[in-house]
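J.: sequence and computational prediction follow.
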Amino acid sequence: MTSLARLKFYATQPHPCSYLPDEQATTLFLDPSQPMDVHVYAELSEMGFRRSGDHLYRPHCQRCSACIPARIPADSLVPNRQQKRILKRNADLQVKAVRPCFTEEYYALYATYIERRHADGDMYPPSREQFNTFLVRDLPFCRFYEFRHAGRLLALAVTDVLPNGLSAVYTFYDPNEERRSLGRYAILWQIGEAARLGLDAVYLGYWIKNCRKMNYKTEYRPIELLVSQRWITLS
């Protein structure tokens, strides 16, 4: 175990929350001069930290505790009827793991996804610089999982392979393929991949009860939520 007490952390000034419009957010970051060590990352993931680009962070808000870290145990998922249909509908996809890199194919899919699905968010408008800074990091534990049909890229899941599980960093997909439910399928696939690799869980980031865009995370059962520094299971 790494001595986390030796690590330095920095908090941002309060800024408008990206998820709850009436709230101010503060973010706690691991000192960026600290090398991105996979074991430190894994230990911090148990405490609710996430990765964005080269930074490990978690919410550190004074007046609000709405952001709750969520993870899915890899070996105990019970797919509901809708999830079984999604798995069957996407059984024709081929998935391949590749090293993170920039390609025009990846960026075109990313830009279309942001423009069509997140034009109201702080990632709009998309840019190549934003894509590179956020997702294309030369880290030994990061993977790009390509989801293709007959060679055509339909989705890409950016995933960190940690000693304790898979951390689902970000997924983007073709918004024209709505029937496939590609975002949900990518999570189901990563849960299956974590189980295949003998890993404990898939870390899904934060769940916010009053944020409609986060509701999909609790569709996966059982789910574990980090509450008062303890992971509790919702069956």
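T.: Alright, I've got the coordinates.
J.: partner strands of the least confident helix or strand in the chain by mean pLDDT, with direction?
T.: Lowest by mean pLDDT, DSSP states H and E among the helices and strands of the chain is strand 15-16, with a mean of 92. Strand 15-16 pairs in its sheet with strand 24-25 (antiparallel), by DSSP bridges.
J.: kindly list the longest strand within this protein.
T.: strand 152-162 (DSSP state E).
J.: following it, which helix or strand comes up?
T.: Next along the chain after strand 152-162, taking DSSP states H and E as the criterion, comes strand 165-173.
J.: in the next helix or strand after that next one, which residues are buried?
T.: Proceeding N to C from strand 165-173, the next assigned helix or strand is helix 182-196, under DSSP H and E. Residues of helix 182-196 classed as buried under the neighbour-count rule (16 or more other CB atoms under 10 Å) are 182-191, 193-195. All C-beta spots, glycine's among them, are computed from the backbone N, C-alpha and C.
J.: out of these, which comes closest to A25?
T.: Nearest to A25 out of the buried residues of helix 182-196 is G183 (CB to CB; 23.9 Å).
J.: how close does that closest one sit to Q24?
T.: Here G183 is placed at a distance of 29 Å from Q24 (CB to CB, to the nearest Å).
J.: if we can go back for a sec, which of the buried residues of helix 182-196 lies closest to P163?
T.: So of the buried residues of helix 182-196, ranked by how close each gets to P163 (CB to CB), first place is A194, at 11.8 Å.
J.: would you confirm that the closest one contacts D200?
T.: Yes. Counting by CB atoms under 8 Å, D200 is a contact partner of A194 at 7.5 Å.
J.: which residues do those two both contact?
T.: 74, 165 (CB atoms under 8 Å, 6 or more residues apart in numbering).
J.: could you give the mean pLDDT of stretch 105-113?
T.: For stretch 105-113, the mean per-residue pLDDT is 98.
J.: ignore what I typed, I meant stretch 150-157.
T.: Across stretch 150-157, the average pLDDT comes to 98.
J.: which residues does it contact?
T.: Contacts with stretch 150-157, where a contact means CB under 8 Å, 6+ apart, come from 93, 105-106, 109-110, 144-148, 168, 170-174, 177, 180, 182-183, 185-186, 189-190.
J.: report the buried members of these.
T.: The neighbour-count criterion (16+ other CB under 10 Å) marks 93, 106, 109-110, 144-147, 168, 171-174, 177, 180, 182-183, 185-186, 189-190 among those as buried.
J.: circling back to that earlier point, can you add pLDDT and distance to G205 and give the buried residues of helix 182-196 back as TSV?
T.: What follows is the buried residues of helix 182-196, written out as TSV (pLDDT from 0 to 100; distance: CB to CB, whole Å):
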residue	pLDDT	distance to G205
L182	98	18
G183	97	13
R184	97	15
Y185	98	18
A186	98	13
I187	98	11
L188	98	16
W189	98	17
Q190	98	12
I191	98	14
E193	98	17
A194	98	15
A195	98	20
